[in-house]
Every structure is written in C-alpha cells, then in structure tokens.
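Visitor: let's see this in three dimensions:
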Amino acid sequence: MKTVTKTYGHDCGFSAVFRQPYATSHCCDPHGYALAFSLTFACEDDEVDENGWVIDFGGLKPVKQFLADSFDHRLVLAATDPAIPDFQALYKKHGFAPPLILAEGVGCENFATFVFREVARLLEKGALGETNAQLIKVEVSEHGANSAGYTGDFVRAVGS
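Guide: All right, here's what the predicted structure looks like:
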C-alpha cells in the first residue's frame, strides 16, 4: 500500500477560537490557535494513477477551501455549549461571521473527526479528482506539542 500526506501547516492561518465549556481548567475560556491539518491518503500499489501518484495534490484545492471556510478566523463551538445563544447574539450584533457549531464537539480530536467526515464526502463525490485513493487519517494540531487524529473507515472515490 502506498500513502501520501497533505499538510496544511500552522502558517496557513487557520486561526480558530474555541472553548471546552465543561472543562475545569482554563480550557473553559475562549482561546485560539493557528491550527494545522495533515490528511493521509492511501491506495494499493497497483491503483496509483498514470503518474504513479496516490492522489494529485493539485486536486485538493476544495479541501483547503473547506478548511478555510470552517476554521479561518472562526469561532467554533460544541453543539452542547450552553453559551451558544449568547455567542450568536454577540456575533450578530457586531456583524461577525456566525460561529461554526459542531455536533462532534471541539478540540483537536473532534476537529479531526469533523474534517475526516467532510473530506471523505468530497472524495466520495469525486470533488478531489479521479483517484483510487482512500482517506485513512486526519491529524489536527494546536501547536508543536499537542495534536490528535482520527482514523475512520476507508473511503474510496466514486468509480473506484
């Protein structure tokens, strides 16, 4: 099996603010990071494309746009956060982009799950080009010392 990893580093500017509403530490307060994302794709040796590639990195522009739309200068809240109405009212009052509310929750583990599922949908519908690649893992890091990943069911592109 061949694998490749596409990384969108901390320098890409996906700066999100979030909080763990039920944490007993300082993590219950809104805080932010320039998040980094690594996505690993794989295919069998005999399934690479005519260039010998697992996936064409040039076809991943929709992934970068999805990450920007979701995490670039966004407030991200867990669907269970009791302060959602307050944050929504504040953002509406000042004309800010609405918060992204995730059923998965917030934090690197949950961001990795959310990104995996959404990128898998893009892959399944063929939005990432013609490929036999499978998405096998997403890793998200707050900074160099903290990261978490999600490995889900293998998802193949349409027509594979």
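Visitor: surely residue 17 is within a strand?
Guide: Yes. With DSSP: H, G, I helix; E, B strand; the rest coil as the criterion, residue 17 is located in a strand.
Visitor: surely it and residue 32 touch.
Guide: Yes. The pair residue 17 and residue 32 qualifies as a contact (CB atoms under 8 Å) at a distance of 3.9 Å. C-beta: built from backbone N, CA, C; applies to glycine.
Visitor: so the nearest residue to residue 102 once chain neighbours are set aside: helix, strand or coil?
Guide: Distances taken as CB to CB, 6 or more residues apart in numbering place residue 114 nearest to residue 102, at 5.5 Å, with adjacent residues excluded. At residue 114, secondary structure determined by three-state DSSP is helix.
Visitor: for the protein, just list every one of the helices.
Guide: 61-71, 84-94, 108-124 (DSSP state H).
Visitor: got the angle between the last one and helix 61-71?
Guide: The reference is to helix 108-124. In terms of direction (axes from the mean of the first three to the mean of the last three CA atoms, to 10 degrees), helix 108-124 departs from helix 61-71 by 140 degrees.
Visitor: low-confidence regions, this structure specifically.
Guide: Low-confidence segments of the chain (pLDDT under 70): 153-160.
Visitor: nearest residue to the middle of it?
Guide: Closest to where the C-alpha atoms of the chain average out (CA atoms, centre = their mean) is residue 115, at 3.0 Å.
Visitor: how about the contacts made by that residue?
Guide: 37, 39, 66, 67, 70, 138, 140, 150 (CB atoms under 8 Å, 6 or more residues apart in numbering).
Visitor: burial of the residue nearest to residue 81 when sequence neighbours are not counted, as a residue count?
Guide: In space, residue 81 comes closest to residue 21 once its chain neighbours are excluded; the distance is 4.4 Å by CB to CB, 6+ apart. Using other CB atoms under 10 Å, residue 21 has 18 neighbouring residues.
Visitor: so residue 21 makes contact with residue 78?
Guide: Yes. Here residue 21 reaches residue 78: they are 6.4 Å apart, a contact under CB under 8 Å.
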